[in-house]
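# Below are the sequence and a predicted model; questions follow.
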Amino acid sequence: MDGSERQRPKGQRFPPFGGSGKAPTNLRCTSTFRYDSAILRCVTPESLQAVALAVAEEHSLDKVLKSVVHGLASQAGIALARVWLIAPGDICETCPMKPECPDQARCLHLAASEGRPSLPGEDWSRTDGAFRRFPLGVRKVGKVGATGVPLLVKDTEQDVQAFARPEWLRAEGIRSFGCQPLVFRGEILGALAVFNRQGCEEATFGWLRAFADYAAVALANSRAFAEIERLRERLELENRYLREEVKAALPGGGRILGESGPIRELLKQLALVAPTGATVLIQGESGTGKELVAREIHEQSLRQGRPLITVNCASIPRELYESEFFGHLKGAFTGALRDRAGRFEAADGGTLFLDEVGEIPLELQSKLLRALQEGTFERVGDDRPRRVDVRVVAATNRDLEREVKAGRFREDLFYRLNVFPLRVPPLRERLEDVPLLAAHFAEAATKRLHVPRPRLPRTTAEQLQDYDWPGNVRELQNVVERAVILSRGGPLRFESLLSEAAPEPRDRPRGGAAPRTEADLKRAAREAIESALREAGGRIYGPGGAAERLGLKPTTLASRIKTLGLQARRR
């Protein structure tokens, strides 16, 4: 400290005033100083290094700031330690230093403070006092924050009038003041200031420079961690949003809808296998909702918080199968410009859904089998095995047993996938679910297409059950969406839409005399209804009415009469 004789090895060099911006690595300092014939304790390299290590362990910005000022304030001789950070001006209208502020755009914000006051009633941990803001370039701290040039006042008594509160310095016994800029990669982040009850020499001030560099790195890292955490939370939010969007786009809005016996049996089997982690093979016709079943298995499993990765095996070019499943290294083949992880790595800890698994080329099925059995694989161009924990759910509309007999699918792979088979019933086997599905699709289409909400009459819903739906649930969804667009808020009509699909009623006779065209069917239906109305005197309802004569429900007959434009009277 100022005027002291320091015990040190002969020839030992010290950092220059303000330091070099890099932490000294070859300095050694004893903790004994002579000052005015009194033995005092001062800040030592070892003590600052311990504080720096404690600061480096923190990731939160608030905790880093508190660690900095707490570590300095706990050092012998330091009465008060404060950190100001550069930020946009926020209290410009009420700031007592407003007249001195050059632009009122940015200033130094007091972010952390700690010390050991000798006067009763003082609280030096507050950050809302008179000096909570310093305009850049104004007064001592402001100049350090603006220029990045350190400032050392060795003896405050000789420069007491340069301080805003000289009486406070005397009352607290402050004898020196030091302020170091916090600089990271050429950017000034703020300023670090200490008020000492002892004198301070340039050597010790140089160690404070090194500590300021440590603190600046810790502050920059804490901000980076905060940004990473913000981006992680945003990514999680976007993932949840995208999952909801995917569910909304799926038939049934991501839920398996239906009350029929086949669906209840499917849900029962699904609930049994989902928590087990066993491999599942989902079989069913195209459009029955196999992907929906796979998602439900994942959501009911212990892996629901992990990713569900879907691979459409029918859409991958043959030469890219191995790269798509297992990834590749940079330069492994033409076009491999960087390392790339495959679907197995992306699904690590979660579920891998192999849709249309029967489309995988025979020569690549052995590698898939090894990955399933051993949980290991190599990227293309790499010989280092990688291990993953993946649950596999596969789906196909092919008869894999027949494919095995034909030599187009490996028998061992089939048995590896077919641990727990699930069959998704076609829509024609659960026609009682059609009205429920149609109502749901109509509601979903109304929201997605921004069209007026239509009405789905009961007779119209029953009419949908007279069709076999060869395209299954997907076809029903498309037909309902077209009907919603055409309805313009009125009742849904499907006559023309179903005729475009060339439906064939299940009870239509197959003889040669049966009507062969839609026009023939409509003409025969019109003639039958007209004849029944004539015999019933125009009545639809009641005993002897046209509905009773035709064996139809009165509401169904009324709907057909309206569609055909016929006249009838109600009782």
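Received it, and whenever you're ready, just let me know what you need.
# In terms of helices and strands, where is residue 178?
Assessed by DSSP states H and E, residue 178 sits inside strand 176-184.
# Please compute how far that strand lies from its chain's middle.
Averaging C-alpha positions (CA atoms, centre = their mean, to the nearest Å) puts strand 176-184 40 Å from its chain's average.
# could I get it in CSV with only the CA atoms?
C-alpha atoms of strand 176-184 as CSV (Å, rounded to 0.1, in the frame of the first residue of the first chain):
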residue,chain,number,x,y,z
SER,A,176,-8.2,4.5,-0.7
PHE,A,177,-10.5,3.9,-3.6
GLY,A,178,-10.1,1.7,-6.7
CYS,A,179,-12.3,1.1,-9.7
GLN,A,180,-11.6,-1.4,-12.5
PRO,A,181,-13.6,-1.8,-15.7
LEU,A,182,-15.3,-5.1,-16.4
VAL,A,183,-14.2,-5.9,-20.0
PHE,A,184,-15.0,-9.1,-22.0
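# Averaged pLDDT, that strand. What do you get?
What strand 176-184 shows for mean pLDDT is 92.
# Can you name the next helix or strand after it?
Once the chain leaves strand 176-184, the next helix or strand it forms, by DSSP H and E, is strand 187-196.
# Against which helices or strands is the helix or strand just after that next one packed?
Moving toward the C-terminus from strand 187-196, the next helix or strand (DSSP H and E) is helix 202-249. Packing contacts for helix 202-249, counted by 3 or more CB pairs under 8 Å, 6 or more residues apart in numbering; DSSP states H and E, involve helix 45-56, helix 61-73, strand 176-184, strand 187-196. C-beta: built from backbone N, CA, C; applies to glycine.
# how about the ones you listed, which one is nearest residue 168?
Evaluated over those, closeness to residue 168 peaks at strand 187-196, with 9.5 Å, by CB to CB.
# average pLDDT across that closest one?
Here the average pLDDT along strand 187-196 is 93.
# Mind listing what's buried along that strand?
Buried positions in strand 187-196, judged by neighbour count with 16 or more other CB atoms under 10 Å: 188-196.
# Tell me how this protein divides into domains.
Residue ranges for the domains of the chain, per automatic domain parsing: 5-225, 250-425, 436-507, 515-571.
# closest to residue 231 out of those domains?
So among the domains of the chain, domain 5-225 is nearest, using CB to CB, at 10.5 Å.
# Listing partners with orientation, what would you give for the strand holding residue 178?
Next to strand 176-184 in the sheet, as set by DSSP bridges, lie strand 151-153 (antiparallel), strand 187-196 (antiparallel).
# With respect to residue 169, which of those lies nearest?
Among these, strand 187-196 sits nearest to residue 169 (CB to CB), with 8.0 Å.
# Run the angle between the closest one and helix 202-249 for me.
Angle, strand 187-196 to helix 202-249, by axes from the mean of the first three to the mean of the last three CA atoms, to 10 degrees: 130 degrees.
# Quick one: residues in contact with strand 187-196.
68, 72, 77-86, 108, 111, 115, 134, 141, 144-146, 148, 169, 172, 174-183, 208, 211-212, 215-216, 219-220 (CB atoms under 8 Å, 6 or more residues apart in numbering).
# Just the buried ones from those residues, in PyMOL syntax?
The buried subset of these, as determined by 16+ other CB under 10 Å, is captured in PyMOL by this line:
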select buried, resi 68+72+77+78+79+80+81+82+83+84+85+86+108+111+115+134+141+144+145+146+148+169+172+174+175+176+177+178+179+180+181+182+183+208+211+212+215+216+219+220
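# Quick check: the most centrally placed residue in the chain vs residue 323, distance?
By CA atoms, centre = their mean, the chain has its centre lying nearest to residue 236, at 2.2 Å. Separation of residue 236 from residue 323 (CB to CB, to the nearest Å) stands at 29 Å.
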